[in-house]
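A.B. asks: coords below, sequence missing:
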């Protein structure tokens, strides 16, 4: 009997061992449960939820990045919370409230630095990825948006109030900041292309977009797509589209139009418009399947129960369906054979085959929004 | 005392727990030790070797793919051995000798099927990724080369003797095979682009290359680069270049010339030559850093102690150095900040910073050749 008790004590002491031994982390993911401040750990291959981890604060509009070993997620909460989640031990490893109101983050290419973009007080703070100790504080006197990582231990971010983009280079012993002026009026979001070369900001205060070539030694603002935006006779804009949703499909980008029921096709080299496809309603995300053959589109409230799938060769809609009320987010498996959709108001995540469009599984989740698979660890600018 | 013994017994029974609980698999990798039939488990973030796993048979020219959870490697040995290595438990999970002489393999996009390409007897065999049980046997009456995976549970491969390319589609209940004739004389290798759309074969028997557009419902051979090859006044060819080494750098491919001391730049859309860069000797691999800003080139015997780095904007060589005798293989970290080089005849793997070119670490390895990081699990056609 004594040995049995010892056995149980040891099993308890080992703690995570009982499930850790079946966990390799390459096909796991976390889903934001926005109402509860929790995240759901999921297994992509098993199409299953594994555990719920609670206590992450206000997760409305939350996002996350992963450590390069795919063990830790850094979750950026709207309340300024930066939470490090250990997906092997299935618990919070560390948490700091680093500002009053934050708006996303990024992780350096070497995995050593985590940066957070803040509205209040405006600026960027950079933390040690191991300890969450503050490494650098960059006040900007502005709400700060569009924070991304770029190769060479750099972070790029943009100021809503002043229209400046800053490049913080932490590759040397001293941080070096390059400031680019005149990006445009009230930049509201930005993206970096998958290769880390082109940074593009969307503007709320004027039409058009502004690009930077980060391979240039002295990057200058490049105005592109001058008609992109709300325009003169503007339609009501329910939601400015997420630029992170830009889809690269071989030699073209797909971009949700602002206020109009269409997506735009843009030549990736010239950044000029090449075509438009009419859609069901105002698109929010237009996301390319990893092979670029399909683009999946979701829509703004109140039409957010519907998904359309566009073929990138014909540029025509090849499939339309209604997963359920409030489809907020989509995440493809890394090689694109399946897609996971958050259906917030049904409290479900739904998994589909992207070739047959068959519904493969429904998973219970509490007001799910963002879905983030660990494969993101290996990519730039997500 | 009895409880202590029980404790040890339980710890032994749990087996993997002692290290499984601390192993996330996202930044691990295996290095082929070709002389010994062993693989070395390495940690990319720690720049360290963790364990040696032995008993894999003849590993000359071996390659591998990873399961989607980044737990298992499927190692394809020259002797027809297919070995499933468990990198969490650090041991061989299963091994079959499936043919007399094999030449590489692939894993389906859903991670369920592993395919092996064989010379003797010629053909492709497809195995259940869990059990290594035979799922399909596809004799081809030819040495079979250039096996890759393509989206939609497909494998593509080419026949040396007959010049045919076959597409095996395993997405339905019955396997469907499409045969494309007239790919050219003696195809010796092939590649598929990262998006899974374009399959390109190199020809030993004639100049030029042959491409297939796999997005076409009825793919036809497309002859490209008619001057690519050994040509009329041929130089001695020490080694036909590896097509897997083709580097995509934004809108261009970089391709090692055959027999000449140069790399070729190819427009990715038109597949026409745009430029050449002179190199130190006959290139074997020309590999793009993941962001596409640099191409690293190694060379054929006896000049294989040298590496050159080419800037993809200027197309000029910006760095040259001698890591040591017989630099056989290069592997970038997934986000490109570091590179690992196998220096076979010095029995070392060397790790360099790709921005400063600084040597960061040397790791002992026994006649190292291929280096394979687990991040490959999430990519097509590797």
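C.D. replies: Yep, that arrived. No experiment lies behind these values; they were computed from the predicted model shown.
A.B. asks: ok, residue A:46 - contacts?
C.D. replies: The contact partners of residue A:46, by CB atoms under 8 Å, 6 or more residues apart in numbering or on different chains, come to none. Bear in mind the C-beta positions are built from the backbone N, C-alpha and C, glycine included.
A.B. asks: Look up how far residue B:279 lies from it.
C.D. replies: Distance of residue A:46 to residue B:279, given as CB to CB, to the nearest Å: 47 Å.
A.B. asks: if I pick the nearest residue to residue A:117 once chain neighbours are set aside, what's in contact with it?
C.D. replies: Nearest non-adjacent residue to residue A:117, counting by CB to CB, 6 or more residues apart in numbering or on different chains: residue A:147, 3.7 Å away. Residues in contact with residue A:147 (CB under 8 Å, 6+ apart) are A:103, A:104, A:105, A:106, A:115, A:116, A:117, A:124, A:155, A:156, A:157.
A.B. asks: Out of those, which one has the weakest pLDDT?
C.D. replies: Lowest pLDDT within the contacts of residue A:147 is found at residue A:103 (84).
A.B. asks: Which element, helix or strand, includes that residue?
C.D. replies: Per DSSP states H and E: residue A:103 is located in strand A:101-107.
A.B. asks: Give me the neighbour count for residue A:164.
C.D. replies: 18 (other CB atoms under 10 Å in any protein chain shown).
A.B. asks: Return the residues in contact with it.
C.D. replies: A:140, A:142, A:158, A:179, A:180, A:181, A:183.
A.B. asks: How much space separates it from residue A:307?
C.D. replies: Taking CB to CB, one finds residue A:164 at 37 Å from residue A:307.
A.B. asks: cool, and residue A:130?
C.D. replies: In terms of CB to CB, residue A:130 sits 40 Å off from residue A:307.
A.B. asks: Compare those two and say which is more crowded by neighbours.
C.D. replies: Neighbours per residue (other CB under 10 Å) separate residue A:130 from residue A:307, with residue A:307 holding more: 22 against 14.
A.B. asks: From residue A:332, how far out is the more buried one?
C.D. replies: Residue A:307 is 13 Å from residue A:332, by CB to CB.
A.B. asks: just to revisit the earlier point, can you add distance to residue B:202 and give the contacts of residue A:147 back as JSON lines?
C.D. replies: Output for those, formatted as JSON lines (distance: CB to CB, whole Å):
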{"residue": "A:103", "distance to residue B:202": "49"}
{"residue": "A:104", "distance to residue B:202": "45"}
{"residue": "A:105", "distance to residue B:202": "44"}
{"residue": "A:106", "distance to residue B:202": "40"}
{"residue": "A:115", "distance to residue B:202": "44"}
{"residue": "A:116", "distance to residue B:202": "48"}
{"residue": "A:117", "distance to residue B:202": "47"}
{"residue": "A:124", "distance to residue B:202": "48"}
{"residue": "A:155", "distance to residue B:202": "41"}
{"residue": "A:156", "distance to residue B:202": "39"}
{"residue": "A:157", "distance to residue B:202": "45"}
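A.B. asks: Listing request: residues of chain A with sub-threshold pLDDT.
C.D. replies: A:1-22, A:231-241, A:244-245 (pLDDT under 70).
A.B. asks: Show me where it has its helices.
C.D. replies: A:2-14, A:17-20 (DSSP state H).
A.B. asks: Of the contacts of residue A:164, which is the nearest to residue B:265?
C.D. replies: Checking the contacts of residue A:164 against residue B:265 with CB to CB, the nearest one is residue A:180 at 30.0 Å.
A.B. asks: For that closest one, which residues are in contact?
C.D. replies: A:164, A:165, A:166, A:167, A:212, A:219, A:220, A:221 are the contacts of residue A:180 under CB under 8 Å, 6+ apart.
A.B. asks: which pair in those residues spans the largest distance?
C.D. replies: A:166 and A:220 (14.6 Å).
A.B. asks: Who has more neighbours out of the two?
C.D. replies: Of the pair residue A:166 and residue A:220, residue A:166 is the one with more neighbours under other CB under 10 Å, namely 19 against 11.
A.B. asks: Distance of the residue nearest to residue A:67 when sequence neighbours are not counted relative to residue B:25?
C.D. replies: In space, and not counting its chain neighbours, residue A:67 is closest to residue A:111: 5.6 Å by CB to CB, 6+ apart. Counting by CB to CB, the separation of residue A:111 from residue B:25 is 15 Å.
A.B. asks: now, which of the contacts of residue A:180 lie within strands?
C.D. replies: If you go by DSSP state E, those have A:165, A:166, A:167, A:212 in strands.
A.B. asks: need the residues of the stretch 251-382 of chain A near chain B, please.
C.D. replies: A:251, A:268-269, A:290-293, A:313, A:333-338, A:355, A:374-375, A:377-380 (CB under 8 Å from any CB of the partner chain).
A.B. asks: again, only using 6 Å
C.D. replies: Within the stretch 251-382 of chain A, the positions adjacent to chain B are A:251, A:269, A:291, A:292, A:334, A:335, A:337, A:355, A:375, A:377, A:378, A:380 by CB under 6 Å from any CB of the partner chain.
A.B. asks: Selecting buried members of the residues you listed in ChimeraX, what would you type?
C.D. replies: Selecting only the buried entries of those in ChimeraX, with 16 or more other CB atoms under 10 Å in any protein chain shown as the criterion:
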select /A:291,292,334,335,337,355,375,377,378,380
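A.B. asks: my guess is residue A:122 contacts residue A:138, does it?
C.D. replies: No - taking contacts as CB atoms under 6 Å, residue A:122 lies outside contact range of residue A:138: 9.9 Å.
A.B. asks: Cool, thanks, talk later.
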